[in-house]
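*Asks:* pasted the sequence and its predicted model underneath.
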Amino acid sequence: MPFFNRDADLAALGDRILHNTWQTFPTLAQNQIALTLLVYTPPVPVNTGGALSPEEFWRQPIRGFSYRGVERIYPASVVKLFYLMAMHEWLETGMIASSPELERAARDMIVESSNDATGLVVDVLSGTTSGPELPAGPFETWQQQRNIVNRYLRSLQWDEFATINVNQKTWCDGPYGRERAFLGEAMDNRNMLTTDAVARLLHSIMGGVAVTPGRSHAMMSLMRRSLDATELAADPENQVTGFLGAGLPPSATLWSKAGLTSRVRHDAAYIELPDAPPFLLVAFTEGKEHSQNEQLLPFVAQQVVRAIAPLS
């Protein structure tokens, strides 16, 4: 069972959004998009500064819709949100100590989506490093260590985390040595996420129950995105242009984490609007043609904004 309540009105809304998307982008196959949408109607349990305890928070009914929300898809840089939460869990429990370099890497991992920064975070979380191939015994130990974030996520016993995989670094040119061996000959050990899993993680961060309220707030602060056109133009690598944020009105407030490769374009966002209920939207798209399309995700966001306005 999903953590949200499937709602007939939202289902009709979601079906209409998908229909309009396929009409506008006819080369987008039905298996090349997945999305999860949560709409928060009063009393809104998120972005409250941690006012609710975890027990109270998870009792709050949430209206939602998903399409292919349980399909495992390569997440690109969206996986960095999972490493961010794990890092805060490790810091909170004393498994690792903070340092200026770790703080700099965490910021660059989310704000700039740096793959190099992510590599350091993964090394610190797992106690492993990249390098040449290892003999069988040491490599087995290394692999066990690198699966520590997976084990942490499974320990939460959230159904959405049962099928995901988050044990790989993110790359610019690709893995070499022990990293390539760990990926598997057919790359069957790649990072894999579902839009439902990402939605639950983001829902918990925005709800102030990811690790602690203070640590949730720290994660949120890194995800805040400016919609100012001048700022966006000055940063061509921003995570708004070509993503969900580009489909929002300037009056919106956005927290998000995007992912992009030559074959996928993804975004995970929590959005507040002045004249509509806040909503959380995770949209994954696949296919080389669509990964280069900077109009697709903004169109989806525009459709959601237009559709939920009457719900306020």
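*Replies:* Received the coordinates, thanks.
*Asks:* give me the low-pLDDT residue ranges for the stretch 51-200 of the chain?
*Replies:* Scanning the stretch 51-200 of the chain for pLDDT under 70 picks out nothing.
*Asks:* same for the helix or strand where residue 179 lies, what does it pack against?
*Replies:* With elements taken from DSSP states H and E, the one containing residue 179 is helix 178-183. Helix 178-183 sits against helix 136-146, with contacts defined as 3 or more Cβ pairs under 8 Å, 6 or more residues apart in numbering; DSSP states H and E. Every C-beta, even on glycine, is put in place using the N, C-alpha and C of the backbone.
*Asks:* and the helix it packs on, which residues are buried?
*Replies:* Within helix 136-146, the residues that count as buried by 16 or more other Cβ atoms under 10 Å are 142-143, 146.
*Asks:* for it, packing partners?
*Replies:* Counting by 3+ Cβ pairs under 8 Å, 6+ apart, helix 136-146 packs on helix 115-126, helix 178-183.
*Asks:* send the alpha carbons of that helix over as CSV?
*Replies:* Coordinates of each C-alpha in helix 136-146 appear next as CSV, following Å, rounded to 0.1, in the frame of the first residue of the first chain:
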residue,chain,number,x,y,z
ALA,A,136,37.9,-11.4,-4.2
GLY,A,137,38.0,-11.2,-0.4
PRO,A,138,38.6,-7.5,0.0
PHE,A,139,36.2,-6.7,-2.8
GLU,A,140,33.4,-8.6,-1.0
THR,A,141,34.1,-6.6,2.1
TRP,A,142,34.1,-3.4,0.0
GLN,A,143,30.8,-4.2,-1.6
GLN,A,144,29.3,-5.0,1.8
GLN,A,145,30.3,-1.5,3.0
ARG,A,146,29.0,0.2,-0.1
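*Asks:* ok, residues contacting the helix or strand following it?
*Replies:* Using DSSP H and E, the helix or strand that follows helix 136-146 towards the C-terminus is helix 148-155. Residues from elsewhere that reach helix 148-155 (Cβ atoms under 8 Å, 6 or more residues apart in numbering): 82-83, 86, 89, 125-126, 161-162, 164-167.
*Asks:* kindly report the same for stretch 44-61.
*Replies:* Contacts of stretch 44-61 (Cβ under 8 Å, 6+ apart): 3, 5, 40, 43, 62, 203, 206-209, 212-214, 216-217, 220, 270, 272, 277-278, 280.
*Asks:* now that stretch: buried residues?
*Replies:* 45-47, 50, 52, 57-58.
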